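J.: Show me how the following folds:
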Amino acid sequence: MTPADFRRIALSLEGVEEYSHAGFPAFRVGGRKFASLASQAEGYGNLMLTLELQATFVEEAPEIFLPIPGGWGKMGHTHIRLSAASEDVLSGAIRTAWKLRIDQNATVGRKK
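T.: A predicted model of the protein is given here:
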């Protein structure tokens, strides 16, 4: 998969808009980011997950998923190695991050 595939899949989800975050493409729903292409030059897409989801993804497919180094990774932010991901895996991972953000937005009263 490629950054273009990541973008296509993210933008196919309901309510998603692309914006620039620190000069890099990012994707949000309900005004909150759930994914970005900030690491696309290194071959990664970035997903905002919970620590539990991150651990599950990394355990099930360590060749595809890894925590983002440093503090961000300790908050659940996760790289997906684009060249190693299939369409189904990439789509499922992006959809998971999107759904998580929608659920989080609902708990704080944000729009979907």
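J.: which residues does Leu13 contact?
T.: Counting by CB atoms under 8 Å, 6 or more residues apart in numbering, Leu13 makes contact with Val29, Ile94, Arg95, Trp98. Where you see a C-beta, it was placed from the backbone N, CA and C, and this is true even at glycine.
J.: Please disregard the earlier target; I meant Ala61.
T.: Val89.
J.: For the remainder of this discussion, apply numbering that starts at 196.
T.: Sounds good: first residue 196 from here, last item Ala256.
J.: re earlier: buried ones from the contacts of Leu208, can you make that a ChimeraX selection?
T.: In ChimeraX, this line selects whichever of these come out buried by 16 or more other CB atoms under 10 Å:
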select :224,289,293
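J.: can you pull the contacts of the spatially most central residue of the chain?
T.: Among the residues of the chain, Leu242 comes closest to the average C-alpha position under CA atoms, centre = their mean, at 2.2 Å. Residues near Leu242 by CB under 8 Å, 6+ apart: Phe229, Ala230, His272, Thr273, His274, Ile275, Ala288, Ile289, Thr291, Ala292.
J.: Much appreciated, bye for now.
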